[in-house]
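**Q** turn this into a structure:
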Amino acid sequence: MECPRCGWPESDVYEVLSRHLTSEGVVTYTRCACGRLQMRVQRFDPGPVVAAGRDSASAPGPS
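**A** Sure thing, here's the model as predicted:
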């Protein structure tokens, strides 16, 4: 997606003004290269487990 005013790619954040943790997720206020302000919300959605430790009860003992 691109900025409707100047065409700057919205995935390439020009300047982060502030970032706040909320109950819904992380809210970030950014500024485009042309000066347009944006508010972005990254929600706390459940996602896949990418790493997990082993339960110590199931760990094999020394040989």
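**Q** the chain: strands as residue ranges?
**A** In the chain, the strands defined using DSSP state E lie at 15-21, 25-31, 37-43.
**Q** redo those strands as TSV? Include mean neighbour count, mean pLDDT and distance to residue 55.
**A** (Each C-beta comes from the backbone N, C-alpha and C, glycine too.) Output for the strands of the chain, formatted as TSV (neighbours: other C-beta atoms under 10 Å; pLDDT from 0 to 100; distance: least, C-beta to C-beta, whole Å):
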stretch	mean neighbour count	mean pLDDT	distance to residue 55
strand 15-21	10	95	31
strand 25-31	15	93	30
strand 37-43	11	91	30
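**Q** nearest to residue 4, out of those strands?
**A** strand 37-43 (10.9 Å; C-beta to C-beta).
**Q** who are the packing partners of that closest one?
**A** Packing partners of strand 37-43 (3 or more C-beta pairs under 8 Å, 6 or more residues apart in numbering; DSSP states H and E): strand 25-31.
**Q** the strand it packs on relative to strand 37-43, how many degrees between them?
**A** 160 degrees (axes from the mean of the first three to the mean of the last three C-alpha atoms, to 10 degrees).
**Q** strand 25-31 pairs with which strands?
**A** strand 15-21 (antiparallel), strand 37-43 (antiparallel) (DSSP bridges).
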